[in-house]
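Undergrad: Here is my input, please return the structure:
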Amino acid sequence: MRPFRLGLIALLAAVPARAEDDWKIRLEAVIARSVAQNPSVAERESRIEAARHRIGQAGALPDPEVEFGLQDVPISPVSLTADDFTMEKVTARQAFPAAGKRPARERLAQADFEAISAMHADHVVGLAADAADAFFGLGDLDARIEILERSRERLRRAAASATERYRVGKGAQADVLRANLEVTAVDERLAGLRGERRKTAARLNALQGLPAGSAIEPVPLPDADPSPPPPETLLEQAEGRSPSVAAAAADVRKAEEQLTLARLEHRPDFMGSAYFANRIDFPNFFGASVSMNLPFFQPKRLKELEAEREADLSAARANLAATRNEIRRGVEEASADLDRSREQVALFRSSIVPQAETNAGAAEEGYRVGQVDFLTLVRSALDLDQYRGELAARRAGAWRACAALQRASGLALLPGTPAAEGETHVQN
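TA: Below is the predicted model:
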């Protein structure tokens, strides 16, 4: 499985990307690296392998026993031939659990294997969602950094122009001071964004199993908004295919088998044994016997054991219900965030940013003909950059909400996420 993932990474890296698909190919490569190289994946795969090997052990008989000994040897003088009861004895024993116990233990081990496997599948989907969240977080920061860098260059040109106007007596000193102040304020915001980017990049690198300080190229944001299935469809699919539900259901089966074993404790286990006794100068002996334990002589212990397992089963069933409830809550919250982000993106694109562009253009023209002051010009330009930055944040927020939706539902919604049979990714 791991060579396939590494091959997928190499394939994605070798595919030439169109500009509009660059984000998708890069996201698929990020998720592929996360699934292939994150140490937690290898740890969970090893635990799955260990659980698989426990299934064969669970149904096996206990180890047979062999005993070698000397019996009835006289103390004085020590001799193996002086007494006809002295013998060299070999005894073999084999324990036989009561009927039904071995199949129940095997079913218990199988349920444990299924639970661990489902938890691993849920972990992989969540890991892909975390990687996508960090990826789009970088896209948000990169877009806002680019906007602020352009804004800083405009402000520097404006400061130079204000200085020149002041020098020739056509401008006020306050305009020069204000322009320099705004340049400094933009530098402060850029320092904050770059520090946040460094933290987010370290998180993304760690998810991919890379050194935390590895350089990451600027991340482009998708032009399109995510369009996952509606919440009702997601909830229906999650009920049937979510790995977290499968893990909780497997825990219920484990608790049921443990209760079955507790009830089977009323049945006695058997021990078969046989021996051969060699006597030096006398006829040899052999014999056989069957023994059993008597658990029904401890009714209080058996009653408490059964009550314990019944409580465990009730807890497992409650956990299954809680898991389904948590999925419903998470899907609804992520869907609300997604809908809000998409509505805000539409509003910023259709109204707020165009109005800010018009306002900035009018202010620039008015300043050129002397109808508005320098402060109005600066504020209109800064407002435009602020709204563009907020648009970028909402665009990234929509995809981050989609990542949260994947994490909550346990379904593969983002490109590059390993999908179970029958699942589809986000259409965009």
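
Undergrad: Which stretches in the stretch 151-300 of the chain count as helices?
TA: 173-207, 231-241, 243-264, 299-347 (DSSP state H, counting those that start in this stretch).

Undergrad: Check which residues of the second one are buried.
TA: Buried residues in helix 231-241, counting neighbours by 16 or more other CB atoms under 10 Å, are found at P231, L234, L235, Q237, A238, R241. Backbone N, C-alpha and C define where each C-beta goes, glycine included.

Undergrad: same deal with the third one?
TA: Burial within helix 243-264, assessed by neighbour count using 16+ other CB under 10 Å, is assigned to 243-264.

Undergrad: circling back to that earlier point, between the buried residues of helix 231-241, which is closest to N359?
TA: Nearest to N359 among the buried residues of helix 231-241: P231, at 37.9 Å, using CB to CB.

Undergrad: and that closest one, how far is that from R241?
TA: 16 Å (CB to CB, to the nearest Å).

Undergrad: Let me know the distance separating the closest residue to V252 other than its chain neighbours from R279.
TA: Residue nearest to V252 in three dimensions, not counting chain neighbours: A316, with 4.5 Å by CB to CB, 6 or more residues apart in numbering. As judged by CB to CB, A316 and R279 stand 59 Å apart.

Undergrad: Over to A42: give its phi and psi.
TA: phi -60, psi -40 (degrees, to the nearest 10).

Undergrad: For it, give me its contacts.
TA: Shown in contact with A42 (CB atoms under 8 Å, 6 or more residues apart in numbering): no residues.

Undergrad: Give me the distance between it and M119.
TA: Taken as CB to CB, the span from A42 to M119 is 15 Å.

Undergrad: cool, L411 as well?
TA: From L411 over to M119 (counting by CB to CB), the distance is 16 Å.

Undergrad: Compare the two and say which is more crowded by neighbours.
TA: Comparing L411 with M119 by neighbour count (other CB atoms under 10 Å), the higher total belongs to L411, at 26 against 20.

Undergrad: List the contacts of that one.
TA: L411 is in contact with V125, L234, Q237, A238, R241, S242, E423, counting by CB under 8 Å, 6+ apart.

Undergrad: Please convert those to a markdown table, extending it with pLDDT and distance to R407.
TA: Shown next, in a markdown table, are the contacts of L411 (pLDDT from 0 to 100; distance: CB to CB, whole Å):
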| residue | pLDDT | distance to R407 |
| --- | --- | --- |
| V125 | 94 | 7 |
| L234 | 90 | 12 |
| Q237 | 90 | 15 |
| A238 | 89 | 11 |
| R241 | 89 | 15 |
| S242 | 91 | 11 |
| E423 | 53 | 15 |
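
Undergrad: Quick check: A95 touching L61?
TA: Yes - if you go by CB atoms under 8 Å, A95 and L61 touch, sitting 7.2 Å apart.

Undergrad: Now do the buried residues in stretch 315-327.
TA: The neighbour-count check on stretch 315-327 (16+ other CB under 10 Å) flags A316, R317, N319, L320, T323, R324, I327 as buried.

Undergrad: any idea of the mean pLDDT for it?
TA: Across stretch 315-327, the average pLDDT comes to 96.

Undergrad: Give me the contacts around it.
TA: So stretch 315-327 is contacted by 235, 238-239, 242, 244-245, 247-249, 251-252, 254-255, 408-410 (CB under 8 Å, 6+ apart).

Undergrad: tell me which of these is nearest to G397?
TA: Of the contacts of stretch 315-327, the one sitting nearest to G397 (CB to CB) turns out to be A408, at 15.9 Å.

Undergrad: what about the closest one, distance to P218?
TA: For A408, the distance to P218 - CB to CB - is 29 Å.

Undergrad: Compare those two and say which one has the larger neighbour count.
TA: When A408 and P218 are compared for neighbours, A408 comes out ahead with 24 against 12, by other CB under 10 Å.

Undergrad: which helices and strands sit right next to the helix or strand containing the more buried one?
TA: If you go by DSSP states H and E, A408 is part of helix 374-409. Applying 3 or more CB pairs under 8 Å, 6 or more residues apart in numbering; DSSP states H and E, we find helix 374-409 packed against helix 101-167, helix 173-207, helix 231-241, helix 299-347, helix 353-368.

Undergrad: now with 10 Å?
TA: helix 101-167, helix 173-207, helix 231-241, helix 243-264, helix 299-347, helix 353-368 (3 or more CB pairs under 10 Å, 6 or more residues apart in numbering; DSSP states H and E).

Undergrad: just the angle between it and helix 299-347, please?
TA: 150 degrees (axes from the mean of the first three to the mean of the last three CA atoms, to 10 degrees).

Undergrad: one step back: please tabulate the helices and strands packed on helix 374-409 in TSV and include distance to I75 as additional columns.
TA: As requested, the helices and strands packed on helix 374-409 are exported to TSV (distance: least, CB to CB, whole Å):
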stretch	distance to I75
helix 101-167	44
helix 173-207	72
helix 231-241	75
helix 243-264	47
helix 299-347	42
helix 353-368	105
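
Undergrad: To G397, which of these lies closest?
TA: Nearest of the helices and strands packed on helix 374-409 (CB to CB): helix 299-347, 4.2 Å.

Undergrad: give the contact list for R197.
TA: Contact analysis of R197 by CB atoms under 10 Å, 6 or more residues apart in numbering lists G137, L138, D140, L141, D142, R144, I145, I216, P218, V219.

Undergrad: what does the model give the fifth one for pLDDT?
TA: Spelled out, it's D142. pLDDT recorded at D142 is 95.

Undergrad: now D385
TA: 90.

Undergrad: Report how many residues lie close to it.
TA: Per other CB under 10 Å, the neighbour tally for D385 reads 20.

Undergrad: looking at it, A288 is touching M271, isn't it?
TA: No - look at A288 against M271 with CB atoms under 10 Å: they stay out of range, at 11.5 Å.

Undergrad: which of the two has more neighbours?
TA: M271 (16 against 9).

Undergrad: check contacts around the nearest residue to F348 once chain neighbours are set aside.
TA: The shortest distance from F348 to any non-neighbouring residue, by CB to CB, 6+ apart, is to L391 (4.1 Å). L391 is in contact with A143, R144, I147, L221, Q344, V345, L347, F348, R349, I352, V353, A356, counting by CB under 10 Å, 6+ apart.

Undergrad: Cheers, nothing more for now.
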